[in-house]
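Novice: Got a sequence here, can you build the structure:
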Amino acid sequence: DSLVIQPSVSASYSGFGFNLWGNLDTDQDPALFGVDGNNWNETDMTLSYDNSYGMLGYSLGYIYYALDGAEDTQEFYGGLSLDTILAPTLTVYRDFDGYEGWYATLGISHSLALTDRISLDLGAHVSYMDVDDEVTLADPGDRGSAYNDFHDGLVSLALPIAVTERITVSPELYYSFALGSDASDVIEAASADGDDSFLYGGISVSMAY
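Specialist: You can find the predicted model right below:
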């Protein structure tokens, strides 16, 4: 229930990429990290390489998460995608630092051209989480075991509008939800309001050079 601003800058060359992303919550709930009001709570740095071979696309990357009120962490990831109907994409992340474990997403997406300047982008994914140690995240049904289960689902809708050749404005809407009872318990425990599903949206403005 607050306005969140997420500035991001990216650069790429010959498949290699760099991205810096931040998260500013203008009215953070004190239940999150004990901080109320305006708070810059996350900065992420991503190094990546993307390429393709025929219909198969592949990506490799490294992400550093600088977190306010929680331990910083790092992870590697790899992804595969197919240039075919619904563009199926499998991405696997490996956290090797503060929250050791695996997180994998399987997603689909489709874009419909509505006009020369406007398109409708639809997407969805499901995920699986497998944590190494119960100290990092315990199974809600067995506190002596590490959590591993299908975790969350996400559906998305965006309407990119090419204002100019370089500037795109995109209204976006998302709905995320738990994929099972254990996932619901885990997500509720990390939520300021004890929820396991979330409807959120906003407007993305991008400029490309």
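
Novice: Any regions of this protein where pLDDT drops low?
Specialist: For the chain, residues meeting the criterion pLDDT under 70 lie at 33.

Novice: in its sheet, what does the longest strand seen in the chain sit against?
Specialist: Longest strand in the chain by number of residues (criterion: DSSP state E): strand 37-53. In the sheet, strand 37-53 lines up against strand 16-28 (antiparallel), strand 56-67 (antiparallel) (DSSP bridges).

Novice: which residues sit against the last one?
Specialist: The contact list for strand 56-67 (CB atoms under 8 Å, 6 or more residues apart in numbering) reads 41-52, 72-83, 91, 93. Using the backbone N, CA and C atoms, a C-beta is placed for each residue, glycine as well.

Novice: what angle sits between the helix or strand just after that strand and strand 37-53?
Specialist: With elements assigned by DSSP states H and E, the helix or strand that comes after strand 56-67 is strand 73-82. In terms of direction (axes from the mean of the first three to the mean of the last three CA atoms, to 10 degrees), strand 73-82 departs from strand 37-53 by 40 degrees.

Novice: export strand 73-82 as CSV, just CAs?
Specialist: Output in CSV follows, covering the C-alpha atoms of strand 73-82 (Å, rounded to 0.1, in the frame of the first residue of the first chain):
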residue,chain,number,x,y,z
THR,A,73,23.8,-12.4,-0.7
GLN,A,74,25.1,-13.6,-4.1
GLU,A,75,23.9,-16.1,-6.7
PHE,A,76,24.7,-17.5,-10.2
TYR,A,77,22.0,-18.4,-12.7
GLY,A,78,21.5,-20.0,-16.0
GLY,A,79,18.6,-20.0,-18.4
LEU,A,80,17.3,-21.7,-21.6
SER,A,81,14.6,-20.5,-23.9
LEU,A,82,12.9,-21.7,-27.1
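
Novice: which secondary structure elements does it contact?
Specialist: strand 56-67, strand 89-95 (3 or more CB pairs under 8 Å, 6 or more residues apart in numbering; DSSP states H and E).

Novice: could I get those as TSV with mean neighbour count and distance to Ile187?
Specialist: Formatted as TSV, the helices and strands packed on strand 73-82 follow (neighbours: other CB atoms under 10 Å; distance: least, CB to CB, whole Å):
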stretch	mean neighbour count	distance to Ile187
strand 56-67	15	18
strand 89-95	17	17
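
Novice: rewinding a little: would you indicate which residues of the longest strand of the chain are buried?
Specialist: 39, 41-44, 46, 48 (16 or more other CB atoms under 10 Å).

Novice: Please name the residues that touch the closest residue to Phe177 other than its chain neighbours.
Specialist: Spatial nearest neighbour of Phe177, chain neighbours left out: Ser197 (4.0 Å); criterion: CB to CB, 6 or more residues apart in numbering. Counting by CB under 8 Å, 6+ apart, Ser197 makes contact with 175-178.

Novice: Make a markdown table out of those residues and add secondary structure, neighbour count and distance to Pro30.
Specialist: Listed next are the contacts of Ser197 as a markdown table, based on DSSP: H, G, I helix; E, B strand; the rest coil; neighbours: other CB atoms under 10 Å; distance: CB to CB, whole Å:
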| residue | secondary structure | neighbour count | distance to Pro30 |
| --- | --- | --- | --- |
| Tyr175 | strand | 15 | 26 |
| Ser176 | strand | 17 | 23 |
| Phe177 | strand | 16 | 25 |
| Ala178 | strand | 20 | 24 |
